[in-house]
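Colleague: Would you be able to build a 3D model of this:
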Amino acid sequence: MPFVERPFCERLGTPFTHDLGQGLISPEAMANPPVYGRARVVARYEEGPARQLVHRLKYGDRIELADAMGRWMARSGADLLEDAELLVPVPLHRRRLFGRRFNQAAELARVVGEVSGVAADPLALRRIKPTKPQVGLTRAQRAENVQGVFRVDEAAKARIAGRNVVLVDDVMTSGATANAAARVLLRAGAARVDALVFARVVTTR
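Modeller: Numbers count the residues shown, from 1 in each chain. This next block holds a predicted model:
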């Protein structure tokens, strides 16, 4: 499996093709800074084991895979988890949750929480309207697709306010979903929002 190891962009978590030293920011991160602070990634999302694991967990009801995947995530995101105070999985809309029967991001957050000791709160963030799949959309379309999708209820704001939050998901493509979720969490009073995902689409230019 193509694990993402240092050196990588400290903001996006994407690997560099050459070792230019630690603590560097990629041109993409400088040109389009993410709303979240930092992202950490276990593996590239491409044909092979990483994609197979994601698909088996998400579509094949292989919930047991969340254990190994979550442990890998806890290792890759160790620097985020050092001072994290809350794990928030990216939620599914209730219609999709009904069809799938479980939220893969919540299962991953549960395992990351067990390993790291950071509490997971699957109810902190809600997806209030359904969206089209992000696959095949342009960057601008992806951002528009998730605009106004997330909400933090009043009851959850007290659990988020002033805390360092790590947003958890299985896959990141353009980062539009993570940006939209992070924006809502920051507006709800989170002190910082970082992102931890199992796999990320990495494009080489």
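
Colleague: Contacts only, for the nearest residue to Leu196 once chain neighbours are set aside.
Modeller: In space, Leu196 comes closest to Gly77 once its chain neighbours are excluded; the distance is 4.1 Å by Cβ to Cβ, 6 or more residues apart in numbering. C-betas here are computed from N, CA, C, even on glycine. Listed by Cβ atoms under 8 Å, 6 or more residues apart in numbering, the contact set of Gly77 reads Arg40, Val112, Val166, Asp194, Leu196.

Colleague: Could you rerun that using 10 Å?
Modeller: Residues counted as contacts of Gly77 (Cβ atoms under 10 Å, 6 or more residues apart in numbering) are 13, 38-42, 84, 87, 112, 116, 118, 166, 168, 194-197.

Colleague: what do you get for Ala84?
Modeller: Applying Cβ under 10 Å, 6+ apart to Ala84 gives the contacts 77, 112-113, 116-119, 163-166, 192, 194, 196.

Colleague: looking at it, Leu57 is touching Asp169, isn't it?
Modeller: No. Using Cβ atoms under 10 Å, Leu57 is not in contact with Asp169; the gap is 11.9 Å.

Colleague: Which SSE is immediately downstream of the helix or strand bottoming out on mean pLDDT in the chain?
Modeller: Ranked by mean pLDDT, DSSP states H and E, the helix or strand of the chain with the weakest confidence is helix 139-145, at a mean of 70. Using DSSP states H and E, the helix or strand that follows helix 139-145 in sequence is strand 150-151.
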